[in-house]
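In: okay, predicted coordinates and the sequence, questions at the end:
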Amino acid sequence: MRFLKFFILILIIFNFNLVHAKTKNLDEKITKNLRCLICQGQSVHDSDSEFAISLKTLVKKKLNEGSSEEEIYNYLKDKYGEWILYDPGFSKNTYFLWLLPILMFLIGGAIILKLFIYKKN
Amino acid sequence: MRTKIFPISLIIIVSVIFVIFYKGLQNSNVYEPQIGNQKNIPVFIAKAFETEEIFKSEDIFEGDKFYLMNIWSSWCAPCRDEHKFLLNLSNQKNLKIIGLNYKDKKKNATNFLNELNNPYDFIFNDTDGTIAIEWGAYGVPESFLLHKNKIVKKIIGPIDQNSLLEIKELIQ
Amino acid sequence: MASLIGYYSLNIGFSISFLIIFFSIKNLTKSKLDNKIIFSVFFQFFFVSLSFLGLVQSFISSDFSNETVFNHSHTTVPTFYKISGAWGNHEGSLLLWLLVLTLFIFLFLLRSNDQPKKYRILTLLFQQIIIVGFFVFLIKTSSPFNYIFPIPNEGLGLNPILQDPALAIHPPILYLGYVGSSIIFSSALAAVVTNYISSSWAKHIKKWILTSWIFLTLGILLGSIWAYYELGWGGFWFWDPVENVSLMPWLALITLLHCTLVLEKKQILTSWVVILSIATFTLSMCGTFLVRSGILNSVHTFANDPERGLYILIFLFILVFLSIFIFLFFYKSEKTTINSLFWLSKETSILINNWFMMYFLSVVLIGTTYPIFLEVLSSEKISVGPPFYNKLIIPFLVPFLLAMAIGPKLKWIKSDLENKLSLILFLIISLLLSTFIIRNLDINFLINTILVTSAFYLFLITLKDFFSKKFKNLSQNLAHFSFSLLILSILFNNFLSTEIITNLKINETYENDSLKINFEGIEQRDEQNFKAIIGKFVVEHNGGQTDIMQPELRIYNQPNIITSEADIKTTLYKDKFMTMNSVQNQEYFNIRYQVKPFMIWIWLSTFLISLSGLIGFFKKRYEN
């Protein structure tokens, strides 16, 4: 019961947050999440290569045309493959990527817990 | 029993990791997307290089001819190197060469063509580089061989003797 | 000539390995360590140093008959960078690895007189296996002394981004850290074989853990500083594979350090300590493999050669299988142990530290290697970048920081929390403080408040302890304090950084509501091996304050590469950072102006972290 209340409270606060979340620098957010494919190890936002400059222009253009963040990602994924996105997202390719560390955390917790439970017996 | 399972599984896991790293080594680490192949060509609108009229891509790429879409610029050194191959290809009867002039100045580009001759049947303008992105290109030079609105072959970087022969073979 | 000396000394050093192995095996059953062994270890170190000096001398004298020099140097490169060029390439850096390996085992033998003889000999033997592996690797696949004929007149030049003071000393320091972990590896294996995993072993090996951890911290710091001012976008950590690869052994080392604290007190967690010791060096080697084989895409690329990659891979797995075998075969588990674990004790808090550290390590490890696995298994290629790491690490930082504040307050074996009231009071203070600050910033409220609260909490508690504990346990307290400082600086740096990207022609002005950037002009200057184009910008802030910023473009002659040098004005509160880039075919320049608060505190706190390691190193006795 207490847990439920706590959970609801968290949910409310998070929603409250979403209202306040800004969209001002959306193009910055998007370009920071794109790999500059020709510079290796830099985001499009951080790079000044020709490719990155064009991509920045394109993202601005698309945003002005009313595309959403998701649509832009899908568009670029279609052109360049998932490789261009720094945030791999949660898909069939990345289940293990996201879940394995969490699993490790849980296993670690279980091992520590076991140390104490053994002690009682 | 339990004491055996642990070492065996450990050794199996380590061996699997070894095999995967070994296989990973053999993959090329230079990234070339395969997705460009066998895809429909993008639809776009761009200005023509000379007349600055607005063209739709459908008007240029018609049905069952072969096209070579070449992204070039006067400031790009490798473009100079590949130019002689483009001129060579421009003699092919069943191939049209379409240029996409990437982030260039008209004056420099015109000089470039006057100096080295013009292999292109038609040239589009791409002043801010966004049309090149429509094509999934990385930069200049880059070429796409098109047939029936599909990308048959993609050449990243300058065309050389090998790719020239390959193109000639494909369009036969 | 120097190159020739280098070549022969390298081969002599290699043959001494067999001498050492022979002597050691003969000595295994004797009661006293044979002096011959120490002498031959010294001579091995001597010849490897000679070989290394030979390479350095070839670089200084621009001896282009040496292939490595030819590929990585040029007569116009300043002497300082000629020297640093010696280890700025694959071959030379491996020779440096080898040098550190032989140096460390020599030091180990000198400094371990009070340890059991059999354990020392076995450590030496295991270390020699690693050393032989590196000798073979170096001589077979990447000899730094290949001869070219006819002798070229001029070299190909040194990559300009390596011509930088921070990057010149970054590799040696980093390698001291990486290679230091090899001693931990060998000695852990030796201790398992001789059944010597005990509190005295823990005391003894802690020095080595600290040594490699301190150097690794400094090495990472230098790399970060370099990335900040040289890569031109004002970032200092990008979760690039090469950075991750150095972070992984760092995390393993700091976990191991905490673990040995427990082992010093009690005969528990022995198997865990052994596993960690093995993991640390394995991770260092794994990092070397990932970087050198070219299997990953990264900013730093060494010449890729599949043969080298394959060699390191095989060597790495030989070591892994060897250690698994030794662990399974020789390890005798502790018997008396677990009963003595009480839930509220220092042991528990260290277990919690280990738990979180292992989680962070697994995030970094999985994030770095996952793309390789995916590509091999499904031939799809994905990127794993900063958003992944941020999402998985940041939420877990909160409990971690809180535990870091409370953990050190607990006593060994069984403890009670003293001063509960003050602990809660501090939590409330930090909560209020961070609510107040975050409210005034235009950012996501909840998650940031929680984060900042936990960081402030650690900050305040450790700050208080400086006074109340009167420098008892200074190294621990300083380390935790500096870590909170680091997290706070990074957080506020993230919140408050501003950035302007614009295109300007000469004499144009950019203006927004808070400042004005005036591009006054450019001047050219010829340097020894590059031409500099220096921009002059006047930045007028609304408060009336003006700065003159002079970012630079450098056009290196050999190889012909343009780099951009940031101009950074550092103060205690913030850095002002400007870079300028030429744009293809345009008269304007691309200008990036950033104000980055607390940058210096990020460097300073990391430095303090390694300093606290140094204090720990010189402390005689670790607390009561």
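Out: That came in fine, so what should we check first? Residues are numbered from 1 along each chain as shown, chains lettered A, B, ... in the order given.

In: for residue 67, what are its contacts?
Out: Because you didn't say which chain, this covers chain A. A:Tyr75 (CB atoms under 8 Å, 6 or more residues apart in numbering or on different chains). The C-beta positions use only the backbone N, C-alpha and C, and glycine is treated the same way.

In: meant chain C actually
Out: C:Glu67 sits in contact with C:146-148, where contact means CB under 8 Å, 6+ apart.

In: any idea how far it is from C:Tyr81?
Out: According to CB to CB, to the nearest Å, C:Glu67 and C:Tyr81 sit 19 Å apart.

In: hmm, back to that, can you put the contacts of C:Glu67 in CSV and add neighbour count, pLDDT and distance to C:Leu344?
Out: CSV is the format used below for those (neighbours: other CB atoms under 10 Å in any protein chain shown; pLDDT from 0 to 100; distance: CB to CB, whole Å):
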residue, neighbour count, pLDDT, distance to C:Leu344
C:Asn146, 16, 90, 62
C:Tyr147, 12, 89, 67
C:Ile148, 14, 88, 68
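
In: from the residues you listed, which is closest to chain A?
Out: Closest approach to chain A among the contacts of C:Glu67 (CB to the nearest CB): C:Asn146, at 27.8 Å.

In: circling back: between the contacts of C:Glu67, which is closest to C:Phe388?
Out: Of all the contacts of C:Glu67, C:Asn146 has the smallest distance to C:Phe388: 41.1 Å, by CB to CB.

In: spatially, what comes nearest to that closest one if we skip its sequence neighbours?
Out: In this structure, C:Asn146 finds its nearest non-sequential neighbour in C:Glu67, 3.8 Å apart by CB to CB, 6 or more residues apart in numbering or on different chains.

In: got a pLDDT number for the one you found?
Out: Looking at C:Glu67, its pLDDT is 90.

In: and if you look at B:Arg2?
Out: For B:Arg2, pLDDT reads 55.

In: can you put the contacts of C:Glu67 in JSON lines and add secondary structure?
Out: Below are the contacts of C:Glu67 laid out as JSON lines (DSSP: H, G, I helix; E, B strand; the rest coil):
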{"residue": "C:Asn146", "secondary structure": "coil"}
{"residue": "C:Tyr147", "secondary structure": "strand"}
{"residue": "C:Ile148", "secondary structure": "coil"}
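
In: between the residues you listed, which sits nearest chain B?
Out: Of the contacts of C:Glu67, the one sitting nearest to chain B (CB to the nearest CB) turns out to be C:Asn146, at 23.3 Å.

In: pretty sure the closest one contacts C:Phe70?
Out: No: using CB atoms under 8 Å, C:Asn146 makes no contact with C:Phe70, being 9.1 Å away.

In: and the residue of chain B nearest chain A?
Out: For chain B, CB to the nearest CB, closest residue to chain A: B:Gly129, 2.9 Å.

In: for C:Val245, give its distance to C:Thr571.
Out: 33 Å.

In: who has more neighbours, these two?
Out: In this view C:Val245 and C:Thr571 are compared by other CB atoms under 10 Å in any protein chain shown, and C:Val245 has more residues nearby, 24 against 10.

In: residues contacting the residue nearest to that one when sequence neighbours are not counted?
Out: Excluding the flanking residues, the one nearest C:Val245 by CB to CB, 6+ apart is C:Gly287, at 3.4 Å. Contacts for C:Gly287 were tallied using CB under 8 Å, 6+ apart; they are C:178, C:245-246, C:248-249.

In: same question, A:Ile72
Out: Here A:Ile72 is in contact with A:30, A:59, A:62-63 (CB under 8 Å, 6+ apart).

In: if we use 6 Å, what do you get?
Out: A:30, A:62 (CB atoms under 6 Å, 6 or more residues apart in numbering or on different chains).

In: where does it fall, secondary structure wise?
Out: Assigned by DSSP states H and E, A:Ile72 belongs to helix A:69-80.

In: what's downstream of that helix, the next helix or strand?
Out: Assigned by DSSP H and E, the successor of helix A:69-80 is helix A:95-120.

In: mind giving me the packing neighbours of that next one?
Out: helix C:346-378 (3 or more CB pairs under 6 Å, 6 or more residues apart in numbering or on different chains; DSSP states H and E).

In: let me know the angle separating the helix it packs on from helix A:95-120.
Out: Between helix C:346-378 and helix A:95-120, the angle formed by their directions is 150 degrees, by axes from the mean of the first three to the mean of the last three CA atoms, to 10 degrees.

In: near chain A at all, helix C:346-378?
Out: Yes: judged by CB under 6 Å from any CB of the partner chain, helix C:346-378 comes into contact with chain A through C:351, C:355, C:358-359, C:362-363, C:366, C:370.

In: ok, C:Leu50 touching C:Ser9?
Out: Yes: using CB atoms under 6 Å, C:Leu50 is in contact with C:Ser9, at 4.1 Å.

In: neighbour count for the two, which is higher?
Out: Each of C:Leu50 and C:Ser9 has its neighbours counted (other CB under 10 Å); C:Ser9 has more, 20 against 17.

In: within the helices and strands, which one has the more buried one?
Out: helix C:2-27.

In: still on that earlier bit, and the residue nearest to C:Val245, how far from C:Ser182?
Out: In terms of CB to CB, C:Gly287 sits 13 Å off from C:Ser182.

In: can you check A:Cys36 too?
Out: 36 Å.

In: so which of the two has more stuff around it?
Out: A direct count of neighbours by other CB under 10 Å for A:Cys36 and C:Ser182 places C:Ser182 higher, at 26 against 21.
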